[in-house]
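1. Fold the following, please.
(one chain, ligands or ions: 1)
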Amino acid sequence: MALSFETGISVVLGLAAKIAEAQSLVAANVTGSATECVTCSFQAEDMVVLHMVKAIHPSVPVLFLDTGYHFAETYEYRDEMAAAWGLNLINLTPRQTVLEQEAQFGILHQTAPDQCCKLRKVEPLFAALAGYETWFTGMRREQAKSRAQLQALDHFTLPGGKQLLKISPLADWTTRDVWNYAQEHGISLLPLYDKGYSSIGCEPCTSLPSDPNDPRSGRWSGRKQECGIHIQAQ
Ligand code: SF4
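-> So this is what the prediction gives:
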């Protein structure tokens, strides 16, 4: 899309202000202690947040939900970036392997995706988060209607009652902001974006977007919007 000179300048200035704001939020909340973590699906926005946090806290724990159902490209990119950035990568695995789960329950991502996400994402993540105080995410309001009210600084209550500080420094960023930041900082992104995916999770539950204005319209074939890891105990 071609931009006029004035529009281009205001986009650049707008992004500069957003970067400064996000970096300042990160700087104010990263102490370098082992009680801070970043969740990372290795999608673009998570890489941007991780880039900011690790600049201050290089050994920050990076939590990856290793469901066993990811694209081969995601695993390959995870391993490449973990090596290139020297990440303190923590792969969170469910209690059962994919084979064990399918033997016991069948193909849950087809029959009961909420249960599958609970077993393979929500339970492992919530168990891990209990060991931290501050949680950084790459969530953005623009990603989905379910995220429209997202706050950059929030509290998150785990089922056991523990409360964490949940920080989403890119809450008001657009997709273009994310891409521009990645380009400016030489961050190579998950190659699946080049195939047209706009939101990338487990392979069986990720398709090309059906609505160009809804980046998550390719997730779960429209059956649901969230896996549940961002829904806190009431
Ligand atoms: S995204 Fe799909 S495959 Fe992955 S845990 Fe959820 S239902 Fe299962």
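
2. how close does the residue lying closest to Cys40 once chain neighbours are set aside get to Arg223?
-> The shortest distance from Cys40 to any non-neighbouring residue, by Cβ to Cβ, 6 or more residues apart in numbering, is to Asp46 (4.4 Å). Using the backbone N, CA and C atoms, a C-beta is placed for each residue, glycine as well. Per Cβ to Cβ, to the nearest Å, Asp46 is found 23 Å from Arg223.

3. Quick check: residues of the chain near the ligand?
-> With Cβ under 6 Å from any ligand atom as the criterion, the chain meets the ligand at residues 67, 69, 109, 113, 116-117, 120-121, 201-202, 204-205, 227.

4. Show me which residues of stretch 94-111 are buried.
-> Buried residues in stretch 94-111, counted by 16 or more other Cβ atoms under 10 Å: 94, 101, 108-109.

5. Lowest-scoring secondary structure element of the chain by mean pLDDT?
-> Using mean pLDDT, DSSP states H and E, helix 5-29 stands out as the lowest-scoring helix or strand of the chain, at a mean of 84.

6. Neighbour count for Asp46 and Arg223, which is higher?
-> Neighbour count, other Cβ atoms under 10 Å: between Asp46 and Arg223, Asp46 has more, with 22 against 9.

7. Report whether that one is found in a helix, as I expect.
-> Yes. Residue assignment for Asp46, taken from DSSP: H, G, I helix; E, B strand; the rest coil, places it within a helix.

8. so who does it touch?
-> Residues near Asp46 by Cβ atoms under 8 Å, 6 or more residues apart in numbering: 38-40, 137-138.

9. Can you pick out the most distant pair from the residues you listed?
-> By the measure Cβ to Cβ, Cys40 and Thr137 form the most distant pair in the contacts of Asp46, at 9.1 Å.

10. Contacts only, for the closest residue to Gln151 other than its chain neighbours.
-> Closest residue to Gln151 apart from its sequence neighbours, by Cβ to Cβ, 6+ apart: Ala171 at 6.7 Å. The contact partners of Ala171, by Cβ under 8 Å, 6+ apart, come to 139-141, 150-152.
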